[in-house]
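Q: Everything below, folded, please.
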Amino acid sequence: MTELINNFLGENKIDIDFYPHYGVRIRNEEDISAETMFQTALIASDYGRLSSERGGIFVFNETMFMKNERIVSLARDIERGLQNNEFEVYFQPKFDLKLKRFSGAEALLRWHHPERGTILPAAFISLAEQSDLIIQIDYYVLDRVCKHIAEWRDKGLRLLPISVNLSKRTVFSANIADYIEQTIKKHQVSPLLLEIEIVESPSPYDVLYLLSTVKKIKALNISVAIDDFGTGFSSLYRLLAININSIKIDKAFMDGIELINIDEAITKDIISLGQKLRYTVVAEGVETEIQKDYLMAYGCDRAQGYFFSKPLNEQDAIIFAEKFNK
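A: Numbers count the residues shown, from 1 in each chain. Take a look at the predicted model:
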């Protein structure tokens with residue numbers, strides 16, 4: 001079936017990699033109902049979808065059922081957590097390597113679970129991305145960021161742009177430009193204080209939709225950045241077509257810049273490309289002075305990471321901004 005579908009896509013020049021996950025339930029009990037067979041096959045399929053990106057056949061067993069129960073429970077906890085404001089936005093400062101001052105921050109999320117304590121995004125985002133839960137989370141972060149900006153403005157604090165990372169599902173499944181417009185109007189914040197980060201896409205057919213969405217967002221006077229640049233498959237042509245404002249170098253290149261020559265070369269080339277295209281280039285995951293020095297030598301515009309500051313909650317972010325940007 002997979003081969004037939006992929007052949008059809010290829011014959012019609014549709015550039016999509018199709019990797020389905022097949023769930024199978026073996027009938028090993030005489031009195032098992034068709035409904036149970038179907039539901040457990042679905043559980044096996046979901047298990048495969050969450051554990052492998054390359055597709056395949058997954059035969060149901062009891063451990064999958066227990067894992068599915070945990071997944072369902074976690075999904076319910078996320079929905080409840082959003083309703084109860086258990087999620088808190090943290091801010092990781094961005095440092096301008098040329099002006100030698102902090103120039104903004106990226107919004108990150110922490111979940112203060114009433115029973116499990118503080119949970120980092122890695123523990124729940126992958127699950128949320130499998131459903132519209134991720135859209136709810138992205139909307140929540142956008143609203144909270146605009147709310148914080150409005151509160152800081154009303155207190156007379158100096159304001160810097162905050163970037164918000166949107167999942168691919170939100171960008172392609174929701175009318176995100178309209179929601180952004182409604183949110184900045186709701187909180188009466190300047191769109192110049194907001195930046196939207198989107199991820200690269202491997203498909204050229206996504207470019208037309210991305211182009212339309214980015215155009216709508218930029219029409220609101222909001223900057224757009226490509227996040228984790230260099231890890232996807234976007235060609236230079238597609239990047240130019242989308243017409244973004246900045247690119248962010250993925251942390252993976254920072255991790256190897258001191259040890260692997262190829263990571264250093266790629267980082268240097270990305271910065272050079274950004275300069276030629278007049279994009280602002282931001283490096284993520286900077287943790288050492290050596291990494292910072294490399295970036296400065298190559299002409300990188302901005303950087304963020306634990307070398308400059310860990311992610312800060314709202315109160316610490318205010319103190320940090322007042323201390324370093326007087």
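Q: in the chain, which spans are strands?
A: 21-24, 56-59, 87-96, 101-113, 117-119, 162-165, 194-199, 223-229, 246-249, 280-283, 302-303 (DSSP state E).
Q: residues touching Asp227, list them.
A: Asn165, Glu197, Ile198, Val199, Glu200, Lys248 (CB atoms under 8 Å, 6 or more residues apart in numbering). Backbone N, C-alpha and C define where each C-beta goes, glycine included.
Q: follow-up on the earlier one: what's the most buried one of the strands of the chain?
A: The highest average neighbour count among the strands of the chain, using mean count of other CB atoms under 10 Å, belongs to strand 280-283 at a mean of 26.
Q: For this structure, give me the ranges with low pLDDT.
A: In the predicted model, the chain carries pLDDT under 70 at residues 65-70, 174, 200-206, 230-241, 258-261, 324-326.
Q: Walk me through the domains of it.
A: Per automatic domain parsing, the domain ranges recorded for the chain read 2-60, 76-324.
Q: Highest mean neighbour count across those, which stretch is it?
A: domain 76-324 (a mean of 17).
Q: ok, Leu160 - contacts?
A: Here Leu160 is in contact with Phe102, Ser103, Gly104, Ala105, Leu193, Ala321, Asn325 (criterion: CB under 8 Å, 6+ apart).
Q: now swap in Asn12 and tell me
A: Neighbours of Asn12 in contact, by CB under 8 Å, 6+ apart: none.
Q: distance of the residue of the chain positioned farthest from its centre from Leu194?
A: In the chain, the greatest distance from the average C-alpha position (CA atoms, centre = their mean) is reached by Glu30, at 47.0 Å. For Glu30, the distance to Leu194 (CB to CB, to the nearest Å) stands at 61 Å.
Q: Ok, Glu79 next?
A: On the measure of CB to CB, Glu79 and Leu194 end up 26 Å apart.
Q: can you check Ala128 too?
A: Ala128 is 22 Å from Leu194, by CB to CB.
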